[in-house]
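A.B. asks: structure of the sequence below:
(one chain, ligands or ions: 2)
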Amino acid sequence: MFVASRAILHLDMDAFFASVEQARRPELRGKPVIVGGERGGRGVVSACSYEAREYGVHSALPIALAERLCPHAVFLPVDMKAYLAVHRSLVTLLERYTDLVEVASIDEAYLDVTGSRRLFGPPRTIAHRIQEQVYDAHGVTCSIGIGPTKLLAKLAAGLNKPAGIGELTGADVHGRLRDLPVGEVCGIGPVTQERLAALGLTTVGMLQDVPFPLLAAAFGKGAHGLRQLALGRSFSPVRSERPLPKSVGRELTFDDDVNDGELLRATLLSLTDNAVAELRRKGLAARTVALKVRFSTFHTVGRRRTLPRPVSAVRPLYETATALFDELDVGARWVRLVGVSLSGFTHNAFQLTLDDGWREVALGEAVDRVREKYGFRALALAGGAPARRHFDHASPAQSFHPSSGGAAEVARELDAEASRDLVAELASEPAREAV
Ligand code: DCP
Ligand code: MG
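C.D. replies: Ligands and ions are numbered 1, 2, ... in the order given. Predicted structure coming up:
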């Protein structure tokens, strides 16, 4: 079961190399343009404008053949330097909308905008803005697909070429998707396509319906993956190529020193919850939890623990933080500051299996969605309540110091009116995330 819903965009430039040429030489606009080599050359077509496609020209066709199909086309050599310059500028533009930009090719990128909606609006609004900005900056058009997975977003972009914006949802998997040729699905290449055709399977719908034993007989271990693709179930996350952050942490200096164990634990829960929210926004999972405690004497102690595998749910990370806290044996000593820091990151795979903590992850993402809409404080973990009361009294904008990144944001979130304190009963069932 796939519960978590992400908002993923797939952007693909239209007739990329040819469009760049048309943009810098306006006299070529509206004309068939073929990029790949001069007339009479021995090369193949790299790109061709949509006007040239009407004559049957396409990428990888020998230039000589393209010449025959469309004799009046303008033939141009490849100017990779120019296309790369546009490419780099596009990536910079896309990174304004989210940290999670995966560059898939010279003219294609995936964006995970799940965490960007609060700032930039719904995915369709983001897609319109990107299209406009790309055109304003470079005079070229792109197509953008929206979906809950990369696979569906890419299909949606392909269905809306050129210059379109389209969306495919989970519901479309058993609707519009069924009539598509299997070759349209990213991951089903020409060889697989041929083998499927030999079984009489040419459309996505056929691949959805074919009895599994038949598929397994033909494709062995690959059968499961094929069926998943046909059902739009590809949960591979958008992988940004940016280096992973070293750590994400939150710490709190109390306005008055504290020696109340319950309040300290509740503070740890709020800090962990806050740090994990940032973790999920960045699409990461963490393996290492570090705890910092500064006593009223300014003596500072720390403990860290590494989990068997990376997690992105609050509970196992909080439980580790409290275990570390117990080991420190704070007793009745007065505490000035506590901090929780997460590190040892991997990209969160969102590969949800029944025994893999999917419920925790799905709940976490549901909490993220509510917070995106109504603010961070709209939902708070049950055990964090005493700490929240404390924050409310303790001029939190000054006393709450995120130890890495997002400082302004968190200060703002904690400063918000505490009028909508709903309690998320995440604690209602025992954790399934084994640590
Ligand atoms: N390319 C190439 N040789 C190929 C395919 C593509 O050199 N066989 C280059 C030129 C294309 C660019 O990569 O402009 C992007 O490839 P796409 O497959 O996205 O094709 P286009 O952007 O040209 O057209 P479309 O509008 O179909 O995306
Ligand atoms: Mg393209």
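
A.B. asks: what's the helix or strand where residue 205 lies packed up against?
C.D. replies: Here residue 205, judged by DSSP states H and E, is contained in helix 204-209. Contacts defined by 3 or more C-beta pairs under 8 Å, 6 or more residues apart in numbering; DSSP states H and E place helix 204-209 against helix 222-230. Where you see a C-beta, it was placed from the backbone N, CA and C, and this is true even at glycine.

A.B. asks: what helix or strand does residue 134 sit in?
C.D. replies: Per DSSP H and E, residue 134 falls inside helix 123-138.

A.B. asks: quick one: residue 223 and residue 215 touch, right?
C.D. replies: Yes - counting by C-beta atoms under 8 Å, residue 223 does reach residue 215; the two are 4.1 Å apart.

A.B. asks: which one of these two is surrounded by more residues?
C.D. replies: Ranked by neighbour count (other C-beta atoms under 10 Å), residue 223 and residue 215 place residue 215 first, with 20 against 17.

A.B. asks: now do the same contact list for the more buried one.
C.D. replies: The neighbourhood of residue 215, defined by C-beta atoms under 8 Å, 6 or more residues apart in numbering, consists of 207, 223, 226-227.

A.B. asks: per-residue confidence at the residue of the stretch 101-250 of the chain found nearest ligand 2?
C.D. replies: In the stretch 101-250 of the chain, the residue that lies nearest ligand 2 is residue 107 (4.4 Å; C-beta to the ion). pLDDT, residue 107: 94.

A.B. asks: check residue 434 too.
C.D. replies: pLDDT at residue 434 comes out at 26.

A.B. asks: next one: residue 331
C.D. replies: Reported pLDDT for residue 331: 89.

A.B. asks: now the helix ranked longest in the chain - C-alpha only, CSV.
C.D. replies: Ordering each helix of the chain by length in residues (DSSP state H) puts helix 261-281 first. Only the C-alpha atoms of helix 261-281 are listed here, as CSV (Å, rounded to 0.1, in the frame of the first residue of the first chain):
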residue,chain,number,x,y,z
GLY,A,261,12.9,15.6,34.1
GLU,A,262,9.4,15.6,32.6
LEU,A,263,10.0,19.1,31.0
LEU,A,264,13.4,18.1,29.8
ARG,A,265,12.0,14.9,28.0
ALA,A,266,9.1,16.9,26.6
THR,A,267,11.6,19.4,25.3
LEU,A,268,13.6,16.6,23.7
LEU,A,269,10.5,15.4,21.9
SER,A,270,9.7,18.9,20.5
LEU,A,271,13.3,19.3,19.4
THR,A,272,13.3,15.9,17.7
ASP,A,273,10.0,16.6,16.1
ASN,A,274,11.3,19.9,14.7
ALA,A,275,14.5,18.4,13.4
VAL,A,276,12.7,15.5,11.8
ALA,A,277,10.4,17.9,10.0
GLU,A,278,13.4,19.4,8.4
LEU,A,279,14.8,16.0,7.6
ARG,A,280,11.6,15.0,5.8
ARG,A,281,11.5,18.3,3.9
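
A.B. asks: angle of the following helix or strand past the helix holding residue 205 against helix 222-230?
C.D. replies: Next helix or strand after helix 204-209 toward the C-terminus (DSSP H and E): helix 212-219. Per axes from the mean of the first three to the mean of the last three C-alpha atoms, to 10 degrees, the angle that helix 212-219 makes with helix 222-230 is 120 degrees.

A.B. asks: just give me how far helix 212-219 sits from the chain centre.
C.D. replies: The gap between where helix 212-219 is centred and where its chain is centred comes out at 33 Å by C-alpha atoms, centre = their mean, to the nearest Å.

A.B. asks: for the stretch 101-250 of the chain, what lies in contact range of ligand 2?
C.D. replies: residue 107 (C-beta under 5 Å from the ion).

A.B. asks: so how far is residue 101 from the residue in the stretch 101-250 of the chain positioned nearest to ligand 1?
C.D. replies: Per C-beta to the nearest ligand atom, residue 107 is where the stretch 101-250 of the chain lies closest to ligand 1, at 4.1 Å. Distance of residue 107 to residue 101, given as C-beta to C-beta, to the nearest Å: 14 Å.

A.B. asks: neighbour-wise, which of the two wins?
C.D. replies: Legend: neighbour count by other C-beta under 10 Å for residue 107 and residue 101, higher for residue 101 (26 against 22).

A.B. asks: which one is residue 340 nearest to, not counting chain neighbours?
C.D. replies: Spatial nearest neighbour of residue 340, excluding adjacent residues (C-beta to C-beta, 6 or more residues apart in numbering): residue 271 at 4.5 Å.

A.B. asks: so who does the one you found touch?
C.D. replies: 250-252, 321, 338-340 are the contacts of residue 271 under C-beta under 8 Å, 6+ apart.

A.B. asks: most neighbours out of the residues you listed, which is it?
C.D. replies: Ranking the contacts of residue 271 using other C-beta under 10 Å puts residue 340 first, with 30 neighbours.

A.B. asks: report how many residues lie close to residue 118.
C.D. replies: The burial count for residue 118: 12, using other C-beta under 10 Å.

A.B. asks: what does residue 182 give?
C.D. replies: Residue 182, neighbours per other C-beta under 10 Å, totals 20.

A.B. asks: mind checking pLDDT for it?
C.D. replies: Residue 182 is assigned a predicted lDDT (pLDDT) of 96.

A.B. asks: show me which residues of this protein sit near ligand 1.
C.D. replies: Those residues of the chain that sit near ligand 1, judged by C-beta under 6 Å from any ligand atom, are 12-17, 46-47, 59-60, 106-107, 161-162.

A.B. asks: again, only using 8 Å
C.D. replies: 12-19, 35-36, 44-48, 50, 59-60, 78, 83, 105-108, 143, 161-162 (C-beta under 8 Å from any ligand atom).

A.B. asks: which among those residues end up buried?
C.D. replies: The neighbour count (16 or more other C-beta atoms under 10 Å) marks 12-19, 35-36, 45-48, 50, 83, 107-108, 143, 161 as buried among the residues of the chain next to ligand 1.

A.B. asks: quick one: low-confidence ranges for the stretch 1-150 of the chain?
C.D. replies: Applying pLDDT under 70 to the stretch 1-150 of the chain flags residues 1-4.

A.B. asks: the strands in it, which residues?
C.D. replies: 8-13, 33-35, 47-48, 74-76, 101-105, 108-112, 142-147 (DSSP state E, counting those that start in this stretch).

A.B. asks: out of the ones you listed, which is closest to residue 134?
C.D. replies: Nearest to residue 134 among the strands of the stretch 1-150 of the chain is strand 142-147 (5.4 Å), distances taken as C-beta to C-beta.

A.B. asks: what's that closest one packed up against?
C.D. replies: Contact partners of strand 142-147 among helices and strands, from 3+ C-beta pairs under 8 Å, 6+ apart: strand 8-13, helix 123-138, helix 150-159, strand 165-167.
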